[in-house]
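Undergrad: mind folding the following:
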Amino acid sequence: SSESFNEFIKFLGDEIVLKDWDKFNGGLDIKSDSTGKTSIFTTYEENQIMFHVSTLLPYTPNDPQQVEPKRHVGNAIVLIIFVDGDTTYKPTTISSNFIHVVMVVQVAERNIDNTTKSYKLSVARRNEVDPFVPEINCGTYEKNEEFHDLLMQKIINAELTSYRAQRFVKKLERAREMYLKMISDQFIKSKK
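TA: All right, here's what the predicted structure looks like:
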C-alpha cells in the first residue's frame with residue numbers, strides 16, 4: 001500500500017489489534033487472526049465502525065481467488081475505494097449483490113511535505129437507494145475534522161438508506177423468518 005493510502009486509513013480511524021477485541025468487530029475474526037491481525041476502527045456519534053481494509057486482510061498465496069478478502073469486501077454495503085493518482089474508478093468494477101454505495105476518495109492537493117492537504121470525494125449509489133445526506137457540494141474537501149465528520153455521516157447514512165432498498169428489505173424479511181423458525185424450533189425441542 002502507498003503512503004497516501006496509509007495516511008487515509010489513519011484519517012478514517014485507529015488501527016486496532018483484532019485478537020480479543022471487545023467492541024464491534026464487523027464480522028472480523030477476533031479469536032484466531034483468520035481475517036488479519038489488525039483493522040481500522042472508529043466511533044462516531046455512538047456508532048462503532050469497523051472498516052474491512054483490503055490490505056489488512058490476509059493474503060493466501062495458494063488461493064488465486066483470494067476468497068476470504070473478497071468475502072469481506074464484496075459483502076460490504078458501503079464500499080470506500082481509495083484511488084492513488086489520477087486513475088478513474090468505475091463503480092461497477094467489483095460485482096456484488098451487497099454493495100449498494102461506492103465512495104471514491106482521491107488526494108486532491110498535497111502539502112509541501114507531501115502529506116495530503118485535501119481529498120476529492122465522489123459517491124455512486126444503486127438506483128434503488130434513495131439519495132442521502134449530507135449533500136456533497138464541490139466534491140473537494142480539506143483534510144480536517146469537518147471532512148472526517150462529513151465522511152462518517154455519509155458512510156452511516158449510506159448504510160442506513162441502503163437497508164431500505166427493496167433488495168435488502170426482502171433479504172431481511174427472509175433472515176428474520178429463518179431466525180424466528182430457528183428460535184421456535186429450539187423452543188419446541190426444549191419443551192419436549
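
Undergrad: how about the lengthiest helix in the chain: buried residues?
TA: Longest helix of the chain, by residue count under DSSP state H: helix 166-191. Buried residues in helix 166-191, counted by 16 or more other CB atoms under 10 Å: Phe168. Bear in mind the C-beta positions are built from the backbone N, C-alpha and C, glycine included.

Undergrad: then stretch 79-87?
TA: Within stretch 79-87, the residues that qualify as buried by neighbour count (16+ other CB under 10 Å) are Leu79, Ile80, Ile81, Phe82, Val83.

Undergrad: tell me the one of those nearest Arg174?
TA: Of all these, the one with the least separation from Arg174 (CB to CB) is Leu79, at 23.1 Å.

Undergrad: and the lowest-mean-pLDDT helix or strand in the chain, what's buried?
TA: Within the chain, judged by mean pLDDT, DSSP states H and E, the helix or strand with the poorest mean is helix 67-74; its value is a mean of 72. For helix 67-74, the buried set under the neighbour-count rule, 16+ other CB under 10 Å, comprises Glu68, Pro69, His72, Val73, Gly74.

Undergrad: any idea which of those residues is closest to Val105?
TA: Of all the buried residues of helix 67-74, the one sitting nearest Val105 is Val73; the distance, using CB to CB, is 15.5 Å.

Undergrad: contact partners for the closest one?
TA: Residues in contact with Val73 (CB atoms under 8 Å, 6 or more residues apart in numbering) are His52, Ser54, Leu57, Leu79, Ile94.
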